[in-house]
Structures are given as structure tokens and as C-alpha cells.
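# Below: sequence and its predicted model.
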Number of protein chains: 2
Amino acid sequence: MEKRSFEQIRDKMLKSAKEGIKSAYSNEEYALIQAINAYLETSKSYNLSYERLSEWYGIYFPEIRLNNPKVLADLALVMNSKDGIDKDEINKIINDEQKSESLYKKAQETIGRSMNENEKKALISFANLSNDMNRSLNELEEYIKLAANEILPNTTYLTDEKIAAEMLAKAGSMERLSSMPASTIQLLGAEKALFKHIKFGSKPPKYGVLFKMAAISNAPRDQRGRIARIYATKISIALKGDYFTKKFIAERLKEDLEKGIKRIKESPPREKKRSDDRPQRHGRPQRQGRQDGMNRGNRRPRQRY
Amino acid sequence: MEKRSFEQIRDKMLKSAKEGIKSAYSNEEYALIQAINAYLETSKSYNLSYERLSEWYGIYFPEIRLNNPKVLADLALVMNSKDGIDKDEINKIINDEQKSESLYKKAQETIGRSMNENEKKALISFANLSNDMNRSLNELEEYIKLAANEILPNTTYLTDEKIAAEMLAKAGSMERLSSMPASTIQLLGAEKALFKHIKFGSKPPKYGVLFKMAAISNAPRDQRGRIARIYATKISIALKGDYFTKKFIAERLKEDLEKGIKRIKESPPREKKRSDDRPQRHGRPQRQGRQDGMNRGNRRPRQRY
């Protein structure tokens, strides 16, 4: 009898262990992390394939230059031989009578190579793949929007869905992200530059993922760091609301944020510092010994990430 | 009258310039170069997306490990929720009654997260993209095979379509490739390692693109370099046949090649050299001065490409 009860206990323990693992997996945040990583990676592949398609298509129609990957791929699908090009088909893509007329003319008079059937098949297949990537990116983005608004409503309100999700992916879990101090949040995604700074004494990074915010990347150079700091402080508060209290506090935070940014914009521009004659910052003494020891050859490459 | 005739001449010249450009584009080799580059880039993206999909799918079914990207994507399409999994659908993909039975069981008892509808849509979209990439790769490969056999029949016979096309892409044109000496052909694709060798005195590379040949990569370490050299000499002859004489001479070349490889395989293994006590190679005196000058800190990382 004793043995049987031992086995019963064992089964129970196994079951509870499995339940534990299951609950660890049960948060949707892990799916969101996978989705945003898939999005970012696919996005890179998409850019690469656009560049390749643009070069490939350029053999046949060197006169045609397009900046939009979707338009290029669509055009490659309908305008891939000199004969039998349908003007209406072009117009359906471009949606501009005059431009499609000029494209049509250019295609007629092109000095490019005329493709054979096999090449055409390969090119069409590749253009189709480019469109498939575009479609998949849109579908992933749709999910990211839904999930980020679910999991990180406050943070998403302050930034946007993709930036919030990317910060979550960099941190690894909501638990870790929400317990990070503002300074860590400010530099999420700038790890490489940060360690370069610590090891070689290059300029410290001012922002990581946050640089994707238009409010930061479009600001004047000397204000960016300060704006990023305000963002980081507000985001760190927003994250507490997202993970712990589950309350929507982002509206007040955004007001504060905008006030802070306004204050920075109105402050007089900082004096330019020369790197060989840096004034001591008041308040906080610089760690002289360490800096000297770390600065090898005084290399200070300009660093963004 | 004079002006008109001047304009006539101008028109004629313009036309002939255009014709010149046209004929420069007219070779199919440029399409092949684009196609092989597209293939190699897409292939990288495909691997990346497989890794991501495998990690993503792992949240839901951590018990299932698959090595084949196509099977994984197909499975993600039919086996994405615990309920409503169709055993026959799994079997259609795996084609093995026993294995699909065990997969079905694992899926039923999984400790993974159960996905909601939105996640499912995103995952399916991503799995579909993976399959789209696979399809496009196959179609590109089809074209590469046709074109390489057309443009580089001799070289393709000695190596294979993709390696021949990749060498062409690295060289930039048939004219440049066919006029390269065997030593350059041997190191096509190993440019980085070569310049590292010249600059820092690391070990010189023994092969570039050619390493993809099974005959080289599967050979014992001390024979690979010599086999690559034989390949390179025969390929450089084959290229002359491809570009200049347009004759099919590859059969005789392959015989010679195989004889040469056999000779290497039968030769006694070389004595192992210690790097700090290298014997002078007989016949060819080592350039002592240069080597010493170039060897900074005696770094000799093992180098493949």
C-alpha cells in the first residue's frame, strides 16, 4: 500500500510542476514578444528584397525608378515585357493618369534588356514574395496593435504599439520591464553603445528604442537626450500602471510629458562644449580617475544606438 | 541645311549610344546574377524566419521539436489549437502513421499556452510567409538551373548550378570571370579572409565559394586546400570554354579532376606542423621579412572563408 501512495504523490507533484510551467507560459506577453521580433526581422528581409527587386527590375527598365516597394512589386507583376503592357493595369497601381502614361511610354522606349519567359517567371515569383512579405507584415502589425493595447495600454498611449512591444521584447517579460528604473528604460536597445562607453569611454548613448519616437528623432540634437529622459520617466510610471495596478493613468502622464517637452523647447539652447575642454558639470563631480583610465586614445565616436 | 544635318547626326549618335547600352544589358548573365543574389538573400531570410517560427510555435507546443522548416510551417498551419486538430491532416504532412499519432498525443497533452484567435491569425500569417519563401526559393532555383546550364555549361558540369552562378555573381560578369587566373577563382568569395591575411598575417584562406562543394568540405582537413586548387584550375579552363570557344569540354576536365583528387587521396598524409616551428617549404623560400613585419602579435585565427 505504501508504494502506491508514493506513486500517487509523485503523480500529483508532476502534475503540479506541469501546471506551474503552463502558467508561466500562459501570459500573452510571450506571444507579443515573438510577434514583434518576427515583425522586425521580416521588416529587414522586406527591405533587402525590395533593394534586390529594384536592382533586378532595373536591368529591364533602367529608366524607371520607384521608391515604394509595394508599387515596384506590383508594377513588376504587370509590366514585365515590352509587348502586351496594359495601360489600365498600370493606372490601377499608380492611380495617376499622367504618371502611368509616362511610365507606359518609358517602358515602350526602354533601352533595357527584354526578358525571356524563364526570367519572367523568376522575376514574377520574386515580386510575389515581396508582396507576400508586405501582407504578412500588415497582419503581424494588426496583432501587435491588439496585443500591445491589451498588455501595455498606458505605455502604448505614451509611445506607440510597436515601440512598446519592442521595449517589452528587449526586457524579456512584463515583470522585468515594469521593475526597471527610468534610466534603464531610456537606454533599452542601446546596450552595445552603453558597453562601448563603459569599456572604451566613447560618448554615452542617450536613447535606444526610444529614438524611434518622432518627438525625439525630429528634435534638435541638443534637446534629444533631455526629451528621451522625460519619456523614460513617464514610461516607467506607465509600466507600473500596466503591470501592477492595471489602471489607465496615461492621460495625465501625457499631459505632464507634453508640459516637460514644452519646457525643454523653450529653454535657451545649451552652449556648445568642446570635447578637449569640457567644463565640469555642476553638482556632480566627474570621476576623473576612471575616465582617464578608460579613455584609450581619446576615441569618442559619435554614437546613436 | 547644315543645321538639320547636324541634328540628324546627333540623333544617329544618340541612337547608337542607346543601342550600345542595350547590347551591354542584353546578356542573360546579368539576370542570372540578380537571380542568384536574390536566392542567397532569400535563403538567409528563410532561415531566420524558420528560427523565429520555431521559437514562436514553441510557446504553444514546447514538446514538439522539428528540424525541417517546411514541415514546421505546415504543421503550424493545421495544428495550432488544442481542439479540433485533425489526425489525418497531420499525417498528410508527416507521412508516417506512428509519428503523427505521437505528435497528436503530444499536442493533446501539451503544457504550452493555448492561443487566442488573434495570436492564431498572426502565427498562421507568419507560417504562410515561411512557405511563400520556400516556394519562391524553389522557383528561383529552377531558373538558376536553366540559366546556369545555358551560360556556364562547362563550369556547371564540374561544380553545380548554384556554385557556378555564385562565382559569376562574385566576379560581376562573364568577361571578368573567364579571364581570372585559377588562383583568383580558388579564392572567390574569400576576399575578407584574404585581406585579413595580407593585413594582419592570419592564415591565408584556401577556398571561398568552392567550399560549398561536397568534395572539398567533406575531405580531410589537410587535403581540402589541394583539392580546391585542382578544382580551381579545371574551372578556369572550363570558363574559357563557356565564354570564348563555346565548346563542351567538361567531360575530359572532369576525368582529369577526378584523377587529381584520387592522387591526393592516395598521397601520404602531411606531417603536422607546429605553428611556432614551421619548417621551410622546399622549393619555395618563405618571405621571412614580410611575414615577420605583418604578423602582429602572432595572431593566426583559424580561417575558413
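On my side now, so go ahead. Quantities reported herein were computed from a predicted structural model and do not represent experimental measurements.
# could you pull out the strands for chain A?
Assigned by DSSP state E, the strands in chain A number zero.
# Show me which residues of the longest helix along it are buried.
In terms of residue count, the longest helix belonging to chain A (DSSP state H) is helix A:117-151. Neighbour-count burial for helix A:117-151 flags A:118-134, A:136-137, A:139-148, A:151 (criterion: 16 or more other C-beta atoms under 10 Å in any protein chain shown). Quick note: C-beta positions are derived from backbone N, CA and C, even for glycine.
# For residue A:148, see how far away residue A:240 is.
According to C-beta to C-beta, to the nearest Å, residue A:240 stands 17 Å off from residue A:148.
# How about the contacts made by the closest residue to residue A:163 other than its chain neighbours?
Distance criterion C-beta to C-beta, 6 or more residues apart in numbering or on different chains; nearest residue to residue A:163, sequence neighbours excluded, is residue A:212 at 5.5 Å. Residues counted as contacts of residue A:212 (C-beta atoms under 8 Å, 6 or more residues apart in numbering or on different chains) are A:162, A:163, A:166.
# List just the nearest of those residues to chain B.
residue A:162 (13.7 Å; C-beta to the nearest C-beta).
# ok now stretch A:45-62, how far from the chain's centre?
Distance, stretch centre to chain centre, for stretch A:45-62: 23 Å (C-alpha atoms, centre = their mean, to the nearest Å).
# is it up against chain B anywhere?
Yes. For stretch A:45-62, a contact with chain B is found by C-beta under 8 Å from any C-beta of the partner chain, at A:45, A:48, A:49, A:52, A:53, A:55, A:56, A:59, A:62.
# Per-residue pLDDT of the residue nearest to residue A:163, please?
The score at residue A:212 is 93. That number is its pLDDT.
# Same check on residue A:101?
Note on residue A:101: pLDDT of 87.
# ok, now how distant is the nearest residue to it once chain neighbours are set aside from residue A:122?
Closest residue to residue A:101 apart from its sequence neighbours, by C-beta to C-beta, 6+ apart: residue A:87 at 7.3 Å. Look at residue A:87 and residue A:122: by C-beta to C-beta, they are 25 Å apart.
# go on, residue A:191?
Distance from residue A:191 to residue A:122, by C-beta to C-beta: 41 Å.
# what residues does the stretch 151-300 of chain A put near chain B?
With the criterion set to C-beta under 8 Å from any C-beta, the stretch 151-300 of chain A never comes near chain B.
# Show the low-confidence segments of the stretch 151-300 of chain A, by residue range.
In the predicted model of the stretch 151-300 of chain A, residues A:271-300 satisfy pLDDT under 70.
# can you pull out the helices in it?
According to DSSP state H, counting those that start in this stretch, the stretch 151-300 of chain A carries its helices in the segments A:153-158, A:161-171, A:174-178, A:182-186, A:191-200, A:214-217, A:221-240, A:250-266, A:288-294.
# Likewise for the stretch 1-150 of chain A?
Counting by DSSP H, counting those that start in this stretch, the helices of the stretch 1-150 of chain A are A:2-25, A:29-60, A:69-78, A:87-94, A:97-108, A:117-151.
# Now find how far off-centre the shortest one is within its chain.
In this view, helix A:87-94 has its centroid 33 Å away from the chain centroid, taken as C-alpha atoms, centre = their mean.
# same thing with the first one?
Distance of helix A:2-25 from the chain centroid (C-alpha atoms, centre = their mean) equals 42 Å.
# Quick one: work out the angle between it and helix A:29-60.
Interaxial angle of helix A:2-25 relative to helix A:29-60 (axes from the mean of the first three to the mean of the last three C-alpha atoms, to 10 degrees): 50 degrees.
# could you list every residue that touches the residue nearest to residue A:101?
Counted by C-beta under 8 Å, 6+ apart, residue A:87 has contacts A:100, A:101, A:104.
# Quick check: of these, which has the highest neighbour count?
When neighbours are taken as other C-beta atoms under 10 Å in any protein chain shown, the top entry among the contacts of residue A:87 is residue A:100 (20 neighbours).
# Now that it has come up, it's in contact with residue A:91, right?
Yes. Applying C-beta atoms under 8 Å as the test, residue A:100 and residue A:91 come out as touching, 4.2 Å apart.
# still on that earlier bit, take the helices of the stretch 1-150 of chain A and write them to CSV, including distance to residue A:223.
CSV is the format used below for the helices of the stretch 1-150 of chain A (distance: least, C-beta to C-beta, whole Å):
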stretch, distance to residue A:223
helix A:2-25, 42
helix A:29-60, 27
helix A:69-78, 33
helix A:87-94, 40
helix A:97-108, 39
helix A:117-151, 27
